[in-house]
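Colleague: With the sequence up front, the predicted model follows.
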Amino acid sequence: DSLGHRVGDVVLKRAARAIQGCVRDSDLVTRHRDCDIDTQVARLGGDEFIVLISNFTGVSGINIVAGRILDLLRCPMEVDGHEVVVTASIGVAFTPDHGADADTLLKNADTAMYEAKSAGRNNVFYYDATMNARMLERLDLEGELRHAVERDQLVLHFQPQVDVASGAILGVEALVRWRHPYQGLLSPDEFIPLAEETGIINDIGDWVMREACRQNRAWQDAGLAPVRISVNLSFRQFGNPDFVARVQAVLAETQLPPKYLELELTESVIMNDLHSTLRILRQLKEMGLRLSVDDFGTGYSSLAYLKSLPLDTLKIDKSFVMDIDGDNDTARLVAAIIAMAKSLQISVVAEGVETELHRDFLAGHKVELAQGYLFSRPVPAATFADMLQHAALRPVTGTPPFWEASSASISAFGSH
Ligand code: C2E
Ligand code: MG
Ligand code: MG
């Protein structure tokens, strides 16, 4: 207003072009049927524009577009010798959550836009107030997660896999944590789903695999008893065409013999594309890796894959193990899983072993390996090295098994 209508018109046109550059051709927005064919962004009136994203694949896509618009508009414009700075406030509504017709969506997006303005401008607000709060939080978290690897904020904890009969530590699972700058140590459940949704999991997964192999090699070089390390895989990593090559590169770089690396796949990863899964798993087997099915029993998969895929280990999900209570149905179910694995010559790891009752049950059914709080929670690398040394120093035969060591030494390892 202060620079006159002409300048105002130029600013609006430039803003329109900037917004247009932020959306795909398919995100067509028109003001009226009679407007220019190549118009992609409509001005509703005054300083209000509408963008229609027609290929809605999730809020992360919207966040990307909205973020781009904010960034572009924030750049100062030169108009008639004046430097003009504008900011945008964006309100978002999407169907079906926020309305099923154009009028409702426009109204709700408008409401959200006003909230964005009153919250200080240069913001993106989603229509529902509670959801909107969550979205912004998520957006922050996503931005921070993108830098977590390069800022060295990820850390691995290690949980031993213990031989049920002898008490020796034969394996270890690497479990990632995020040392968040203000929120403290975040567990994988708090950021892996977001990492998978946004694709950040590929960087995280690479880091985890490299760090797990490097650490395992370092323990061996320090003279500790060699153990196998298990690394969890996400479906996103597994779908990468160069996944096998990446694993190969990590093994070469860290000099870890492949037999000391086990990859854990959930049933949903395996069942996602059975044909290509089979091809990849065969390649990994040829390289000498071990493969396990994680959280067995929680997926919706057919049992047929167990005999057709080159699997070494089946990890019985902790929800079953924790439910074992003498001779209840769960106990019989677990016994049946163990028997089935045995007949297929697949070894068994029981997860979530928390009590002596669980352990005795598993010992009675000749389960080889157990993992759970009874032995140790996941612990930092140095603590695990201590445990390994402790276990390696102890002769395997004729001494009390690991879990019968003084409760003090077990709880000393039990810090999370
Ligand atoms: P998971 O692979 O099934 O790992 C076992 C989880 O069970 C771990 O939780 C562990 O702390 C917990 N646990 C172990 N023993 C017991 C027990 O006796 N009782 C109970 N109640 N829980 C026990 P955590 O570390 O929070 O990890 C959760 C999940 O996050 C993992 O489940 C895994 O699916 C995923 N995850 C962890 N690290 C990675 C990673 O590097 N990449 C990917 N893609 N996923 C990861
Ligand atoms: Mg696992
Ligand atoms: Mg599991």
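Modeller: Noted; the coordinates are in hand. Ligands and ions are numbered 1, 2, ... in the order given.

Colleague: Determine the number of other residues adjacent to residue 106.
Modeller: Applying other CB atoms under 10 Å, we find 15 residues neighbouring residue 106. The way it works is simple: take the backbone N, C-alpha and C, and place the C-beta from them, glycine included.

Colleague: For residue 15, see how far away residue 84 is.
Modeller: With the distance defined as CB to CB, to the nearest Å, residue 84 ends up 10 Å from residue 15.

Colleague: For residue 185, give its distance to residue 289.
Modeller: The span separating residue 185 from residue 289 equals 29 Å under the rule CB to CB.

Colleague: Those two: which is more packed in?
Modeller: Using other CB under 10 Å, the more surrounded residue of residue 185 and residue 289 is residue 289, with 22 against 12.

Colleague: Any figure for the gap between the more buried one and ligand 2?
Modeller: Using CB to the ion, to the nearest Å, we find residue 289 at a distance of 15 Å from ligand 2.

Colleague: residues touching that residue, list them.
Modeller: 247, 258, 259, 261, 262, 263 (CB atoms under 8 Å, 6 or more residues apart in numbering).

Colleague: Which residue is the nearest non-sequential neighbour of residue 147?
Modeller: With CB to CB, 6 or more residues apart in numbering as the measure, residue 153 is the residue that lies nearest to residue 147, at 7.8 Å, once sequence neighbours are left out.

Colleague: for the one you found, what are its contacts?
Modeller: By CB under 8 Å, 6+ apart, residue 153 lies in contact with 147, 178, 179, 180, 181.

Colleague: which stretches of the stretch 301-416 of the chain have low pLDDT?
Modeller: Counting by pLDDT under 70, the stretch 301-416 of the chain has low-confidence residues at 301, 392-416.

Colleague: Tabulate the contacts of residue 153 (CSV), appending neighbour count, pLDDT and distance to ligand 2.
Modeller: Converted to CSV, the contacts of residue 153 look like this (neighbours: other CB atoms under 10 Å; pLDDT from 0 to 100; distance: CB to the ion, whole Å):
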residue, neighbour count, pLDDT, distance to ligand 2
147, 12, 94, 26
178, 24, 97, 17
179, 14, 97, 21
180, 16, 94, 22
181, 11, 90, 27
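
Colleague: Helices - which of the residues you listed land there?
Modeller: Among those, the ones falling in helices (DSSP state H) are residue 147.

Colleague: Nearest to residue 312 among the contacts of residue 153?
Modeller: Taking CB to CB as the measure, residue 312 sits nearest to residue 178 out of the contacts of residue 153, at 29.6 Å.

Colleague: Can you tell me the closest non-neighbouring residue to that closest one?
Modeller: In space, not counting the residues next to it along the chain, residue 178 is nearest to residue 186; the distance is 4.3 Å by CB to CB, 6+ apart.

Colleague: still on that earlier bit, just flag the most distant two among the contacts of residue 289.
Modeller: Looking at those by CB to CB, the two members farthest from one another are 247 and 259, with 13.4 Å of separation.

Colleague: Give me the more crowded residue out of those two.
Modeller: The neighbour comparison of residue 247 against residue 259 (other CB under 10 Å) goes to residue 247, with 24 against 12.

Colleague: From residue 216, how far out is the more buried one?
Modeller: Separation of residue 247 from residue 216 (CB to CB): 14 Å.

Colleague: Any stretches of the stretch 51-200 of the chain with poor pLDDT?
Modeller: Within the stretch 51-200 of the chain, the set of residues satisfying pLDDT under 70 comprises 118, 129-136.

Colleague: Quick check: residues of it near ligand 2?
Modeller: With the criterion set to CB under 5 Å from the ion, the stretch 51-200 of the chain never comes near ligand 2.

Colleague: can you pull the contacts of the closest residue to ligand 2 within the stretch 51-200 of the chain?
Modeller: When scored by CB to the ion, the stretch 51-200 of the chain has residue 173 as its residue closest to ligand 2, at 5.6 Å. For residue 173, the contact set (CB under 8 Å, 6+ apart) comprises 158, 159, 161, 229, 230, 232, 264, 371, 378.

Colleague: Which single one of those residues is nearest to ligand 1?
Modeller: For those, the closest approach to ligand 1 (CB to the nearest ligand atom) belongs to residue 232, at 3.7 Å.

Colleague: Show me what the closest one is bridged to.
Modeller: Counting by DSSP bridges, residue 232 forms beta bridges with residue 264.
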